[in-house]
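Dropping a prediction and its sequence here:
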Amino acid sequence: MWFDLSPGIKNYNWGTPGVLSEFLGLQDSSLLEAEAWFGRHPQSDTILHDGEKSLSFLDWLEAKDSSFDLLLKLLSASRPLSIQVHPNEQEAQRGYLLEQSRGSITESQEITFTDPRPKPELIVALSPDFRALCGFVSWERLVARLEALVRHGALPSFALDVTRQGAQLRDFLEWVLLNGQSVSEATGVLAEAIDSGTVMPNATELGINTDTLERVHRGHPGDSGLLLTLAMHHLSLKEGEGLFVAPGTAHAYVKGFGLEVMVPSDNVVRAGLTTKPRHPEAFLEMTRLDAFHEPDIVLPEKLGDVFLYSCSGMPFELRRLGGQPAREILARDSLIVVESGHITVGAGHGKTLVRSGGVGFAEAFDVVTAGDQSTRAWLATNLME
């Protein structure tokens, strides 16, 4: 059976005017619309419509003792989000229990673990160019970037002091996160180079996207997180491509419109590009510093009538249904977002027509059918019972 859902829209300062309202067919709020939340989260404000009744989706799930346990977000970023990392399960449980034992403390004194859960997440680009920073490059690649920037006057020469013999990626990160006078000076020199358009001619060869650097600088002027981006992979996702961010992976979304699926947790440790509290020691402790060649780009795999987004360590699945006569029988309860065209959901005589912009909850064994060739719908399902 299908249940319509209405979102809680979050108006953060990095959002985009009107994008979410237009997608969902709602009246434009004229505000910066950053995220629309749907799912099992106490702050999602998701409303479920059951006939003439409207009630909290969270309360409804708990009343029926549902095992559905996901948060889905539509995200629209016009400026970069913070550089952050999420804890793994053991770190989340340890941090949560420790804070519970200490009692009430302020956010500035300590990291706030609001729950004992990890927060793996998948973002899929719904716009042609979704920009992100994810994971760290090798030490050799970082040194090559620093040397090129110094050579072209985009960094002061003392920025190479951290590349002394025997140094490692952690040494560079500790220097930046300490945020001393030398970091401030280096950030200023790089910012001036970005303003003048003279970062370095071989940036692309070294994996640096100069437009991403400019967006970070413009969105967070003077923030030392600009230097952290030099150590990270610069990604540009094409429409329909996904990025899986596992616990322990440093990341920041820079710009674009996407669909995000995650375990509903609020455990976030920030290191840069933010006015919120930063926790450099915890960031270094939780972040994977072993460089990996490429982040976990998730490309859809065609399975019958659907395209599946899945990879190792992902406790949920995202399926894309599109084009007639595409059809899927749900194995589990799911959240469904209709991006374009229309679908029918249900079985027998209990079918519901859902048009573009519709978002809702469908139950296991419901049949989801694409209405025409223009249809594209997203089906999110948790795998853990």
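Yep, it's here.

for the nearest residue to residue 242 once chain neighbours are set aside, what are its contacts?
Leaving out its chain neighbours, the residue that sits closest to residue 242 by CB to CB, 6 or more residues apart in numbering is residue 298, at 3.6 Å. Where C-beta positions appear, they are placed from N, C-alpha and C, glycine not excepted. Applying CB atoms under 8 Å, 6 or more residues apart in numbering to residue 298 gives the contacts 122, 124, 241-244, 309-311.

Is it possible to mark the buried ones in those residues?
Burial by neighbour count, judged by 16 or more other CB atoms under 10 Å, picks out 122, 124, 241-244, 309-310 from those.

just checking, which of these belong to strands?
122, 124, 242-244, 309 (DSSP state E).

Which single one of the residues you listed is nearest to residue 164?
Residue 164 lies nearest to residue 243 out of these, by CB to CB, at 33.7 Å.

List the beta-bridge partners for the closest one.
Bridge pairing for residue 243 (DSSP bridges) gives the partners residue 123, residue 297.

what's near enough to touch it?
122-124, 132, 134, 235, 237, 295-298.

Give me the buried entries from those residues.
For those, buried by 16+ other CB under 10 Å: 122-124, 132, 134, 235, 237, 295-296, 298.

Could you single out the nearest of these to residue 336?
residue 124 (14.3 Å).

for this structure, which spans come out with low pLDDT?
In the predicted model of the chain, residues 103-111, 291-293, 385 satisfy pLDDT under 70.

any idea which residue sits dead centre in it?
Nearest residue to the geometric centre of the chain (CA atoms, centre = their mean): residue 123, 5.4 Å.

Can you give the distance of stretch 46-60 from its chain's centre?
Centroid separation between stretch 46-60 and its chain, computed with CA atoms, centre = their mean, to the nearest Å, is 26 Å.

So what touches it?
Contacts of stretch 46-60 (CB under 8 Å, 6+ apart): 3-8, 37-42, 44, 361.

One more pass at 10 Å, please.
Stretch 46-60 is contacted from outside by 1, 3-8, 36-45, 61-63, 66, 68, 71-72, 264, 335, 359-361, using CB atoms under 10 Å, 6 or more residues apart in numbering.

Who is residue 261 paired with across the strands?
Beta-bridge pairing for residue 261 (DSSP bridges): residue 72, residue 122.

residues in contact with it?
39, 70-73, 120-124, 242, 244, 309, 314, 316-318, 335, 378, 380-382.

Pull out the buried residues from the residues you listed.
Listed as buried from the contacts of residue 261 are 39, 70-73, 120-124, 242, 244, 309, 314, 316-318, 335, 378, 380-382; burial here means 16+ other CB under 10 Å.

Reformat the buried ones among the contacts of residue 243 as TSV; add distance to residue 81.
Output for the buried ones among the contacts of residue 243, formatted as TSV (distance: CB to CB, whole Å):
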residue	distance to residue 81
122	16
123	11
124	16
132	9
134	12
235	14
237	15
295	16
296	18
298	19
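
Closest one of the residues you listed to residue 343?
Residue 343 has its nearest neighbour among these in residue 124, at 17.9 Å by CB to CB.

That closest one and residue 383, how far apart?
17 Å (CB to CB, to the nearest Å).

same check, this time on residue 367
Distance of residue 367 to residue 383, given as CB to CB: 21 Å.

And residue 284, by the same measure?
31 Å.

and the two? which has more neighbours close in?
Taking neighbours as other CB atoms under 10 Å, residue 284 and residue 383 compare with residue 284 leading, 17 against 13.

Apart from its chain neighbours, what residue comes closest to the more buried one?
residue 173 is the one closest to residue 284 (CB to CB, 6+ apart), at 6.3 Å.

I am finished for the moment; much appreciated.
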